[in-house]
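# Pasted the sequence and its predicted model underneath.
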Amino acid sequence: MSQSVNSSSQSHVIDISNPFYLGSSDNPSNALVSNVFNGVGFSSWKRSMTIALSAKNKITFVDGTTLKPPDNSPLFANWSRVNSMVISWILNSLHRNIVDSLIFLPTAYDIRKELNRRYEQANGTQIYQIQQQIYSLSQGSDNFSTYFTKLSKIWDELRLVQNIPACTCATATSIAKYFDEQRFIQLLMGLNDTYKVLRGQILMMKPLPNISIVYSMIVQEERQREITIPTNINH
């Protein structure tokens, strides 16, 4: 059954809380997310789009809750208008090569289904690929803050794919500690060898510090090095 619309919409005055409502700032040329999806990183792109469409109160047009009404329904014109708007927003966030193969699909829901069919891999495959990214990532020429940001993004994607339910049981603390320790080790493994001494000091600490403390220690070390680097003075 399609989502009901309150009586105000039927009198052509659509309430702002209604999914059929479009504000003056809503424009088909809008890009709701900054990252254009090019076939890589579907989970994070999908999460960004879900958040953006939910904020616009239009997520029901892609999840199948708000269905297309009959052509002779008084709601059809409103549905068609919003559906076209949502399609535009989705297409604006996709690479041109992907857009060309989706543009003739009639509804935002159809586009969502097709994207899921193409790019939503089995969890095992996704987890493998993300873990591979984590263990192949190293600091290299990046400063520590940039390296940490890259690693955090991959951690967030892994957390999204694993979809571990919230737990209030007695072992919840132990489970959280286990995942924190995994990230702790991954962070240290990718550091440049210039942090070898500090890395050894951190690993010797009992108990092991959390990520926030490690971040602070490494940033402080990096800043200290910047201060002590000798500068050449031309006489």
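Yep, that arrived. Fair warning: this is a prediction, and the values are worked out from it, not measured in the lab. Residues are numbered from 1 along each chain as shown.
# domains for the chain, by residue range?
7-119, 123-228 (automatic domain parsing).
# will you turn those domains into JSON lines that also has mean pLDDT and mean neighbour count?
C-beta here means a position set from N, CA and C on the backbone, and glycine is covered the same way. Shown next, in JSON lines, are the domains of the chain (pLDDT from 0 to 100; neighbours: other C-beta atoms under 10 Å):
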{"stretch": "domain 7-119", "mean pLDDT": "90", "mean neighbour count": "16"}
{"stretch": "domain 123-228", "mean pLDDT": "87", "mean neighbour count": "13"}
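# what about residue 159, which helix or strand?
helix 144-162 (DSSP states H and E).
# Pull that helix out as PDB, backbone CA atoms only.
Extracted in PDB, the C-alpha atoms of helix 144-162 (Å, rounded to 0.1, in the frame of the first residue of the first chain):
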ATOM      1  CA  PHE A 144      50.000  11.600  10.600                       C
ATOM      2  CA  SER A 145      46.700  13.400  10.600                       C
ATOM      3  CA  THR A 146      46.100  12.600   6.900                       C
ATOM      4  CA  TYR A 147      47.100   9.000   7.400                       C
ATOM      5  CA  PHE A 148      44.800   8.700  10.400                       C
ATOM      6  CA  THR A 149      41.800  10.200   8.400                       C
ATOM      7  CA  LYS A 150      42.300   7.700   5.600                       C
ATOM      8  CA  LEU A 151      42.400   4.800   8.000                       C
ATOM      9  CA  SER A 152      39.400   6.100  10.000                       C
ATOM     10  CA  LYS A 153      37.400   6.200   6.800                       C
ATOM     11  CA  ILE A 154      38.100   2.600   6.100                       C
ATOM     12  CA  TRP A 155      37.300   1.600   9.700                       C
ATOM     13  CA  ASP A 156      33.900   3.300   9.300                       C
ATOM     14  CA  GLU A 157      33.200   1.500   6.100                       C
ATOM     15  CA  LEU A 158      34.100  -1.800   7.700                       C
ATOM     16  CA  ARG A 159      31.800  -1.000  10.700                       C
ATOM     17  CA  LEU A 160      29.000  -0.300   8.300                       C
ATOM     18  CA  VAL A 161      29.400  -3.500   6.400                       C
ATOM     19  CA  GLN A 162      29.800  -5.700   9.500                       C
END
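# How about residues contacting that helix?
Contacts with helix 144-162, where a contact means C-beta atoms under 8 Å, 6 or more residues apart in numbering, come from 41, 43-44, 47, 123, 126-127, 130-131, 133-134, 137-140, 142, 183, 186-187, 190-191, 215, 218-219, 222.
# Run a quick check on residue 76 versus residue 70, I expect a contact.
Yes: between residue 76 and residue 70 a contact is recorded at 6.8 Å, counting by C-beta atoms under 8 Å.
# For the residue nearest the centre of the chain, I want the exact helix or strand it lies within.
Residue closest to the average C-alpha location in the chain (C-alpha atoms, centre = their mean): residue 44, at 3.3 Å. Per DSSP H and E, residue 44 falls inside helix 42-55.
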